[in-house]
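*Asks:* The following block contains a protein sequence and its predicted model.
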Amino acid sequence: MTEIKFDFNNMLSENLGTSNGVEANEITEIAPIVQNAHAHLEKVLNDTNSRLRLSLEWIRLPYQDESEIKKIQKLGNEIAAKYDAVISLGIGGSYLGLKAAQDALVSPYYNDFAKARKNRPRIYFEGNNLDPDTLSVLLKNLSPKKTFVVVISKSGETSETKATLLSVENWLKKALGKKYGRQIFAITDPDGGSLRKRVESEQKGDPLSFRNLPLLKGVGGRFSEFNMGLLHLAIIGVNIKEVLAGAKDMGDRCAISDYAKNPAYMYAILHHILYTKKGKSLAIMMPFSETLKSTADWYVQLLAESLGKKYPRKVEVLNNGSEEWLRDKTKLVNVGRTPLPCRGTNDLHSIQQNNVEGENNKVVTFIRVDKFRNEVKVPGKGDILSGKSFSQLLRLAQEATEWALVRDSRPNCTIIMPEVSAYYWGALLFFFEIATAFEGELLNVNAFDQPGVEGYKNYMYYKLGKPGVPQDIAQEIKDNPLQKNPKLIL
């Protein structure tokens, strides 16, 4: 089977010059650090206690029990056969991964045409914002009797998802009465959290209410598509085994220590050098496929939350040999490349102007698709476009964009996908997950926590009067209110 390929020609000094491209000696110089990073990552990945404590269990997701996968696939088919619509509630990884999967793996305009979705239910994503317009319009136009709800939340306390669930529950209850919970499915922590407590309470009264699946321990949200996203894949008719097979094969390719043969390691190494030595702090993710635009959105969370860190990592080895990673608050680093999503060719008429002529602080990653599911040819004769297929023109546009960037010494690289299928999409996501984890090792940051996300949550919880806000955080908010000078508001 053809593999996904990583073309990094346009990241090297041979094409870009020494100021903007990576030189061979710079890769050689970093080789000892790369080997140490591989040895350390391999060590923690092979230790169950470390994986669970550090949220590295995502590396095991491609190897899930086949009988459990079959049950989820069957459950998804049953839901799809019974309901006209599914509302999926979640934020962050509990939304972005699902949206990326849906846009990539089922027909474009899935919700618009019954034939396009093969008569499966329309899918609506909510609980990822607090805009009242979207939810109110949705609930006014759906039939509660024909709508199923899936809520994904580890704690059940994230404001966006919790508020939406309470609103959707009330909508269902008014129409369905006391058994409305049979149309709610929860994917949540197996042991704790308010949503788990709610599940247990509802099921005592009715075992068919608030059916559920666990979010596996040691799997962080942005790395969890192959856990919390499986039911969604089953509902929209995607073969879960194919997705996981692609991830597994990519994991096997990227487990070797030889970075010259490991595409994920090479991706991380080159971006790391360009960031730390050449000042390339912006990561432009540009798939040349409309169906992969949401995958670019997913990548933004993966890179930004994983590598955007204030403090470096301090590794502590425990008595049993497993590790704990702490934030070393004696050092301030404020590191991490900033990702931006776009897609070709649409954004060649927007961000590309800045990519080519703006500040030279970016690396563009293209995703090129070799074979599309459908094809369209330009009709007629006599025009330069006549007889050309859309895929030919798209490929030429991507090549032209590479050329324009190289001419101005702008680093770029290309991920080449044979096609957008369940197998290759699973491989693509796992490639980026491994590359991001490895880049975290090179930067010496904890790529699996997100302390910066907690700031706005704690502020909201404090202002809403939620019990349990730590005293030091409450005091910090109280002592440091937002300052608003009316004279500075025009």
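*Replies:* Nice, thanks for sending it over. Residues are numbered from 1 along each chain as shown.

*Asks:* tell me which element residue 325 falls in.
*Replies:* In the assignment (DSSP states H and E), residue 325 maps to strand 323-327.

*Asks:* And for residue 197?
*Replies:* Using DSSP H and E, residue 197 falls in helix 194-205.

*Asks:* How far does that helix sit from its chain's centre?
*Replies:* Averaging C-alpha positions (CA atoms, centre = their mean, to the nearest Å) puts helix 194-205 29 Å from its chain's average.

*Asks:* Ok, stretch 421-434 next?
*Replies:* Relative to the centre of its chain, stretch 421-434 is centred 11 Å away, using CA atoms, centre = their mean.

*Asks:* hang on, the earlier thing: what's next to the helix holding residue 197, contact-wise?
*Replies:* Here helix 194-205 makes contact (CB atoms under 8 Å, 6 or more residues apart in numbering) with 151, 153, 155-157, 162, 181, 186, 188-190, 209-210, 212. No exception for glycine: its C-beta is placed from N, CA and C like everyone else's.

*Asks:* Buried residues, it. List them.
*Replies:* For helix 194-205, the neighbour count (16 or more other CB atoms under 10 Å) marks 195, 196, 198, 199, 202 as buried.

*Asks:* got TSV for the contacts of helix 194-205, with pLDDT, neighbour count and distance to residue 486 too?
*Replies:* As requested, the contacts of helix 194-205 are arranged in TSV below (pLDDT from 0 to 100; neighbours: other CB atoms under 10 Å; distance: CB to CB, whole Å):
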residue	pLDDT	neighbour count	distance to residue 486
151	98	28	41
153	96	28	39
155	91	15	38
156	93	20	39
157	91	15	35
162	96	18	34
181	97	23	49
186	98	25	46
188	97	25	44
189	96	19	45
190	95	13	50
209	97	18	51
210	97	22	48
212	97	20	50
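
*Asks:* among those, which are in strands?
*Replies:* 151, 186, 188, 212 (DSSP state E).

*Asks:* partner residues bridging the third one?
*Replies:* Going back to what we said before, that points to residue 188. residue 214 (DSSP bridges).

*Asks:* what's the longest strand in this structure?
*Replies:* Per DSSP E, the chain has its longest strand at strand 362-371.

*Asks:* what's the distance between it and the middle of its chain?
*Replies:* With CA atoms, centre = their mean, you get 17 Å for strand 362-371.

*Asks:* So which of the contacts of helix 194-205 is the closest to residue 48?
*Replies:* The nearest member of those to residue 48, counting by CB to CB, is residue 190 at 16.6 Å.

*Asks:* could I get the contacts of helix 194-205 as CSV with distance to residue 465?
*Replies:* CSV is the format used below for the contacts of helix 194-205 (distance: CB to CB, whole Å):
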residue, distance to residue 465
151, 24
153, 21
155, 18
156, 18
157, 14
162, 15
181, 28
186, 26
188, 24
189, 24
190, 29
209, 29
210, 27
212, 29
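
*Asks:* Among these, which one lies nearest to residue 37?
*Replies:* residue 189 (30.8 Å).

*Asks:* What is the neighbour count of residue 489?
*Replies:* Residue 489 has 6 neighbours, counted by other CB atoms under 10 Å.

*Asks:* what does the model give it for pLDDT?
*Replies:* At residue 489, the predicted lDDT confidence score is 95.

*Asks:* before we move on, the earlier item: does the strand holding residue 325 pack against any helices or strands, and if so which?
*Replies:* Contacts defined by 3 or more CB pairs under 8 Å, 6 or more residues apart in numbering; DSSP states H and E place strand 323-327 against helix 48-54, strand 313-317.

*Asks:* Mean pLDDT, distance to residue 84 and mean neighbour count for the ones you listed - can I get that in a markdown table?
*Replies:* Below are those laid out as a markdown table (pLDDT from 0 to 100; distance: least, CB to CB, whole Å; neighbours: other CB atoms under 10 Å):
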| stretch | mean pLDDT | distance to residue 84 | mean neighbour count |
| --- | --- | --- | --- |
| helix 48-54 | 96 | 40 | 18 |
| strand 313-317 | 96 | 48 | 13 |
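
*Asks:* can I get those in CSV with distance to residue 357?
*Replies:* Below are those laid out as CSV (distance: least, CB to CB, whole Å):
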stretch, distance to residue 357
helix 48-54, 42
strand 313-317, 37
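
*Asks:* just so I know, which of these lies nearest residue 375?
*Replies:* Across these, residue 375 has its closest neighbour in helix 48-54 (44.0 Å, CB to CB).

*Asks:* quick one: residue 27 from residue 21, how far?
*Replies:* According to CB to CB, to the nearest Å, residue 27 and residue 21 sit 11 Å apart.

*Asks:* what about those two, which has more around it?
*Replies:* Neighbour count, other CB under 10 Å: between residue 27 and residue 21, residue 21 has more, with 23 against 17.

*Asks:* give the contact list for the more buried one.
*Replies:* Residue 21 makes contact with 11, 12, 13, 14, 15, 278, 409, 411 under the criterion CB under 8 Å, 6+ apart.

*Asks:* my guess is the last one contacts residue 14, does it?
*Replies:* No: counting by CB atoms under 8 Å, residue 14 is not a contact partner of residue 411; they are 11.9 Å apart.

*Asks:* higher neighbour count, the two?
*Replies:* Using other CB under 10 Å, the more surrounded residue of residue 411 and residue 14 is residue 411, with 26 against 13.

*Asks:* For residue 361, see how far away the more buried one is.
*Replies:* 10 Å.

*Asks:* what sits in contact with each of those two?
*Replies:* Both residue 411 and residue 361 are contacted by residue 280, under the criterion CB under 8 Å, 6+ apart.

*Asks:* quick one: contacts of the worst-scoring helix or strand of the chain on mean pLDDT?
*Replies:* One helix or strand of the chain scores below all others by mean pLDDT, DSSP states H and E: helix 454-464, with a mean of 86. The contact list for helix 454-464, computed with CB under 8 Å, 6+ apart, reads 158, 159, 469, 473, 474, 477, 478.

*Asks:* and with 7 Å instead?
*Replies:* 159, 469, 473, 474, 477 (CB atoms under 7 Å, 6 or more residues apart in numbering).

*Asks:* Just the residues you listed: which are in helices?
*Replies:* Using DSSP state H, the subset of the contacts of helix 454-464 located in helices is 159, 473, 474, 477.

*Asks:* For the longest strand of the chain, give the mean pLDDT please.
*Replies:* 98.

*Asks:* After it, which helix or strand is next?
*Replies:* Strand 362-371 is succeeded, C-terminally, by helix 390-407 (DSSP H and E).

*Asks:* Leaving out chain neighbours, which residue sits closest to residue 279?
*Replies:* Spatially, and ignoring its direct neighbours in sequence, residue 279 is nearest to residue 361 (5.6 Å; CB to CB, 6 or more residues apart in numbering).

*Asks:* Lovely, talk soon.
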